[in-house]
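> next come a sequence and a model predicted from it.
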Amino acid sequence: MNLSAFENPGKFWRGNIHTHSNLSDGLLDPGEVCRRYKNQGYDFISVTDHFVGLYDYPLTDTSDFRDENFTTLIGAELHSGALENDELWHILAVGLPTDFKPSNSPHFLPIRDQESGPEIALRAANAGAFVAIAHPHWSGLSFKDALSISAAHAVEVYNHGCAVGADRADGFHTLDLLLANNKRLNLIATDDAHFTEPDHFGGWLMVKSEKNEPEYLLKALRSGAFYSSQGPELKNISISEKKINIHTSSVSSIILQGQGSAATAHHGESITKISLSLSRFLKGGWVRVTAVDQANKKAWSNPILLKKE
């Protein structure tokens, strides 16, 4: 099981790891993007501009905007190789070295003789990055596409920009199918903010780390020590015998999801603590938690592996 977000020492730090600046197709310069997130109460951000030749392959350096209360991670949205629908891969890579070699991706169309999506994802992971499959619903990602990625740490299950601009924010179906095929991936919620529409401050990560510093945050991301949210807090999750114990901020619903149709929901008013049976989830071998508040804002745990029966 992976309960590191609740068992590891440290505290939770709020961050967004999918954002664009005017070094690619965003509206604002990197400093203004960082200023807005910092003033909104975020602890860290990664500006992940589109890593294509059209924008001179930017690896946006935001290190000048770090201070004792706010830090940044160097990252990019990588593009290389065709999906089954003949569109280009979108892969988040956070924690890239500044000398990460550009791909042969001159624009947003796949071309011959360029790396595949799985190849560039593996190269990013080998360089130390946290790698995620970006907005699978928006991209029209097929299950065959998703299965081909061996180096990803997570699937982007909520993308606020895709919600606002396309009503295609979801990645849960892709994640759950991968989990059912023994792909052990976590999940992330992000903004994908461009600041050209109300696409910001809608989905974020809460990362458990002893320090709000890049190397500590990246280690926590790669190990799965985080949860995702639109508002509610997941304060603690633990497993005892065949029950899951959940402590949240005040919410109106707690929902468990597992393999196939396995699900359990508890509804009420101002719920903060509850224990639920895991009996429906033991055969599938994993469970994840969704907490829903009165405004229908949600928080999501990473998948928790269970001992199969």
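That came through fine. Residues are numbered from 1 along each chain as shown.
> please state the backbone phi and psi of the residue most central in space within the chain?
Taking Cα atoms, centre = their mean, the centroid of the chain lies closest to Ile188, which sits 2.1 Å from it. Backbone torsions of Ile188, given as degrees, to the nearest 10, read phi -130, psi 150.
> is it true that it touches Ile17?
Yes: Ile188 sits in contact with Ile17 when judged by Cβ atoms under 8 Å, with a separation of 6.9 Å. No exception for glycine: its C-beta is placed from N, CA and C like everyone else's.
> so for these two, which residues contact both of them?
Common contact partners of Ile188 and Ile17 (Cβ atoms under 8 Å, 6 or more residues apart in numbering): 92, 132, 205.
> please enumerate the strands of the stretch 51-200 of the chain.
Using DSSP state E, counting those that start in this stretch, the strands of the stretch 51-200 of the chain run over residues 71-78, 91-94, 130-133, 154-159, 186-190.
> Ser301 is nearest to which of these?
Nearest to Ser301, of all the strands of the stretch 51-200 of the chain, is strand 186-190, at 8.4 Å by Cβ to Cβ.
> neighbouring strands for the closest one, and are they parallel or not?
Strand 186-190 has these partner strands in its sheet, going by DSSP bridges: strand 154-159 (parallel).
> how far does the partner strand sit from the chain's center?
With Cα atoms, centre = their mean, to the nearest Å as the basis, strand 154-159 stands 5 Å off its chain's centre.
> other residues contacting that strand?
When contacts are defined by Cβ under 8 Å, 6+ apart, strand 154-159 is touched by residues 18, 92, 130-136, 138, 146, 169-172, 174-175, 178, 185-192, 203, 228, 230, 298, 300.
> at 6 Å what do you get?
Strand 154-159 has contacts (Cβ atoms under 6 Å, 6 or more residues apart in numbering) with 132-135, 169, 171-172, 174-175, 185-190, 192, 203.
> ok so, going back, which non-adjacent residue is nearest the residue nearest to the centre of the chain?
Using Cβ to Cβ, 6 or more residues apart in numbering and skipping residues adjacent in sequence, the residue nearest Ile188 is Ala154, 4.9 Å away.
> residues near that neighbour, how many?
By other Cβ atoms under 10 Å, 24 other residues sit near Ala154.
> likewise for Gly117?
Look at Gly117: counted by other Cβ under 10 Å, it has 25 neighbours.
> okay, the nearest residue in space to Asn104 that is not next to it in sequence: pLDDT?
Using Cβ to Cβ, 6+ apart and skipping the chain neighbours, the partner closest in space to Asn104 is Gln114 (4.2 Å). Listed pLDDT for Gln114 reads 96.
> alright, that wraps it up for me.
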